[in-house]
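Asker: here is my input, please return the structure:
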Amino acid sequence: MAATGEKKLVRSHSGLRMVCMNANDTSPFTLPEPQWIPDADMGFCMNRNCQAKFDFMKRRHHCRRCGKVYCNTCCDKKLPLPRMCFVDPVRHCNNCYENTFKENEFYDKHLKTLLTGGQFLMLDQDENSDNSESFLCKLSNNHRLLQVVTTDIDTQDEEGNKMGTGIALRYKDNYEDSQTVKMEVIDGSNKKQGMTWVAAMQKAFKMIYESRTSSSSP
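Answerer: All right, here's what the predicted structure looks like:
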C-alpha cells in the first residue's frame, strides 16, 4: 500500500496528471477526468452557436474538462486545471474555460488561506459555560480533515457585506462518536486572518456543491 500523501505521474489521452497513489488521500475538490466523445460520433462542432462541419481542414478538438468535441475556434483556450490534477495547462471549450477560470482563483488564493489556517476560540457546547480555548484551525494537506456543518455566526464589514466570524465543525472522536464544536474568530490582530479563513471555507464548499449539482443535472 502506498504511503499517505504519495503521488504518481500518469498519462491519459488528455495529458499528464499528478494523482494520489492512495485513493483515500484524494482531495474532495478534485473532479474525475471525463470520457471523450469519440471522433466518429460527431461530425460537427458541439458549440450550438457554431456547429461547423469537420473536414480535412477543420479538425476536431476535445475539451479536457467536459470531453466534448469542438472546432479549434471554439476550443482554443488553455488553462491550468488543478481540479483534475493536470500538470500543464490544457485545452478548454468556451464554457468550461469560464468555470475553470473562476475556480482557479480558489486554488490560487482561497485554498492557500485554508492551508495556512486561522485563529479561533473553541466554545464549549454548554452555552452556559465560559470555557474556551484558543487554537489554530487549518485544512490538512490532502484537504480531507475538516467537515463544515454550518456557518451561523456572522457580522458585517464596512460596506455592509455579511462576513462569517464563526463556524461549526463536526468530527469523529477516537470512539467514532460524532462531536460538534463551535469556533469563534478571535478579536485582535488575528481577527482578519480568521474571518478570511471562514470565507475561504465557504467558497470551498460552494464550489463542491455547484460541481455536484451540475454533474447530477440531466
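
Asker: pretty sure K8 sits against V19.
Answerer: Yes - using Cβ atoms under 8 Å, K8 is in contact with V19, at 6.4 Å. From N, CA and C alone the C-beta is placed, and that goes for glycine too.

Asker: so between the two, which is more surrounded?
Answerer: Neighbours per residue (other Cβ atoms under 10 Å) separate K8 from V19, with V19 holding more: 16 against 10.

Asker: and the gap between the nearest residue to that one once chain neighbours are set aside and P32?
Answerer: In space, and not counting its chain neighbours, V19 is closest to C85: 5.2 Å by Cβ to Cβ, 6 or more residues apart in numbering. Look at C85 and P32: by Cβ to Cβ, to the nearest Å, they are 10 Å apart.

Asker: can you give me the helices in this structure?
Answerer: Ranges of helices within the chain are 94-105, 111-116, 191-216, based on DSSP state H.

Asker: show me what the second one is packed up against.
Answerer: Okay, so that is helix 111-116. helix 191-216 (3 or more Cβ pairs under 8 Å, 6 or more residues apart in numbering; DSSP states H and E).

Asker: what separates the helix it packs on from the chain centre, distance-wise?
Answerer: Relative to its chain's centre, helix 191-216 lies at 8 Å (Cα atoms, centre = their mean, to the nearest Å).

Asker: give me the mean pLDDT for it.
Answerer: For helix 191-216, mean pLDDT is 80.

Asker: give the contact list for the residue nearest to G67 when sequence neighbours are not counted.
Answerer: Distances taken as Cβ to Cβ, 6+ apart place P34 nearest to G67, at 3.5 Å, with adjacent residues excluded. By Cβ atoms under 8 Å, 6 or more residues apart in numbering, the contact set of P34 is R64, R65, C66, G67.

Asker: touching, the third one and R91? I think so.
Answerer: Right, C66. No - contact between C66 and R91 fails when scored by Cβ under 8 Å: they sit 10.9 Å apart.

Asker: quick one, which of the two is more surrounded?
Answerer: Neighbour count, other Cβ under 10 Å: between C66 and R91, R91 has more, with 21 against 18.

Asker: per-residue confidence at that one?
Answerer: R91 is assigned a predicted lDDT (pLDDT) of 97.

Asker: so what's it up against?
Answerer: By Cβ under 8 Å, 6+ apart, the contact list for R91 reads H61, H62, C63, R64, C75, D76, K77, K78.

Asker: can you flag the buried ones in these?
Answerer: The neighbour count (16 or more other Cβ atoms under 10 Å) marks H61, H62, C63, R64, C75, K77 as buried among the contacts of R91.

Asker: so what sits opposite the nearest residue to T26 once chain neighbours are set aside in the bridge?
Answerer: Excluding the flanking residues, the one nearest T26 by Cβ to Cβ, 6+ apart is C20, at 4.9 Å. Taking DSSP bridges, one obtains K7 as the residues bridged to C20.

Asker: for L145, see how far away K68 is.
Answerer: Separation of K68 from L145 (Cβ to Cβ) stands at 35 Å.

Asker: in terms of neighbours, single out the busier of those two.
Answerer: Using other Cβ under 10 Å, the more surrounded residue of K68 and L145 is K68, with 20 against 10.
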